[in-house]
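**Student:** Requesting a structural model of the entry that follows:
(one chain, ligands or ions: 1)
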Amino acid sequence: VAGFDYEFSYLPEQRPYVVACERISKVRARTLLCSWRTSHDEGGRTATYSVSGQTRRLDLLGRVLELDLPLVCQGVDGALSPGRAFELGVGIADLFLVGRDINRGEGRLVLRSRKETSLYYPVYELASGRAGLAMLEARLRISEDVLADYALGRVEDTVALEELHTAVEKVMRAAVAAEQRLNWPELRRRCGTLGLLPNAEEYALVTHDAEAPNAHAHTPDGVLSELAERRNRAKHEPRSATDGWLRTHWECVAIIIETLTNHLGTLGGRNPPT
Ligand SMILES: [Zn+2]
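**Tutor:** Residues are numbered from 1 along each chain as shown. Presented below is the predicted three-dimensional model:
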């Protein structure tokens with residue numbers, strides 16, 4: 001579990017926006033199993049936030065706030081026009097991202113309107129600027145949004161299943177030599193042989209759930225095979241996707257994508273020729 005604190009000052013006319021965003025941020029944090037504590041100084045000019053949660057969930061929370069807070073601000077009965085309120089919402093989301101940045105140094109932040117956020121915490125980190133991976137990076141950004149919405153219950157299981165399957169496949173293809181037109185089972189096997197999937201023991205540790213000790217008794221390859229099977233079934237029978245498997249194991253799939261994208265960083269997207 002990771003955590004961070006940040007303190008920021010705001011103007012009296014910004015207060016209703018700050019309060020509205022604070023309420024929704026706490027709700028979103030709770031849904032994502034993160035904790036969010038707040039306090040304000042007596043004069044109502046400075047707020048202190050303490051946020052903690054699992055790293056991947058904090059990444060998702062940041063993305064969700066970026067999407068939601070501008071809209072929340074537009075709904076506030078305050079002094080700002082809808083357009084200005086939107087920008088203030090971007091500014092409030094930006095405080096979370098900057099507050100989380102370990103390199104920001106000490107001191108209080110200041111709330112200001114923004115056209116866009118200044119930082120971004122990708123859920124799936126690819127070594128940026130790597131030739132040929134820009135498309136994949138853009139594609140994974142979409143997967144992150146779908147995943148963030150799925151975690152909040154805004155996206156159907158069928159959609160998330162398809163999206164995760166596509167993301168894993170694209171990353172696996174990028175990780176093995178691109179000229180090889182392998183089908184899904186071959187691709188999986190090849191990634192396994194090359195050691196690109198998570199190590200089984202580490203995987204068991206990171207997917208372990210103390211409240212349901214036997215729920216994740218699976219190998220990375222087992223999860224990928226389930227994923228493919230369910231995705232194929234859902235194509236013909238969309239309702240089959242809502243049986244709860246994805247709800248329980250979406251993070252297990254996310255971990256595999258993360259491991260693969262980490263390898264892409266070190267391999268430069270290619271394996272040595274075999
Ligand atoms: Zn699992």
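**Student:** The residue nearest to Ala215 when sequence neighbours are not counted is in what secondary structure piece?
**Tutor:** Nearest residue to Ala215, sequence neighbours excluded (Cβ to Cβ, 6 or more residues apart in numbering): Asp209, at 5.5 Å. (Each C-beta comes from the backbone N, C-alpha and C, glycine too.) Asp209 is part of no helix or strand when elements are defined by DSSP states H and E.
**Student:** so how many other residues sit close to Asp209?
**Tutor:** Neighbour count for Asp209, taken as other Cβ atoms under 10 Å: 11.
**Student:** Need the per-residue pLDDT for it.
**Tutor:** On the pLDDT scale, Asp209 is placed at 85.
**Student:** okay, now the closest residue to Thr31 other than its chain neighbours: neighbour count?
**Tutor:** If the residues on either side of it in the chain are set aside, Thr31 comes closest to Leu152, at 5.5 Å by Cβ to Cβ, 6+ apart. Using other Cβ under 10 Å, Leu152 has 17 neighbouring residues.
**Student:** Test my guess that Leu152 contacts Arg28.
**Tutor:** Yes - under the criterion of Cβ atoms under 8 Å, Leu152 makes contact with Arg28 at 6.9 Å.
**Student:** any common contacting residues for those two?
**Tutor:** Val64 (Cβ atoms under 8 Å, 6 or more residues apart in numbering).
**Student:** Give me the most central residue, the chain.
**Tutor:** Geometric centre of the chain, nearest residue: Leu60, 3.3 Å, by Cα atoms, centre = their mean.
**Student:** any idea how far Val155 is from that one?
**Tutor:** From Leu60 across to Val155, the span is 12 Å (Cβ to Cβ, to the nearest Å).
**Student:** next one: His208
**Tutor:** 26 Å.
**Student:** More neighbours: which of those two?
**Tutor:** Taking other Cβ under 10 Å, His208 and Val155 do not tie; Val155 has more neighbours (16 against 13).
**Student:** Check the spacing between that one and the ion real quick.
**Tutor:** Using Cβ to the ion, to the nearest Å, Val155 is found at 19 Å from the ion.
**Student:** Before I go, just wanted to say thanks for your time.
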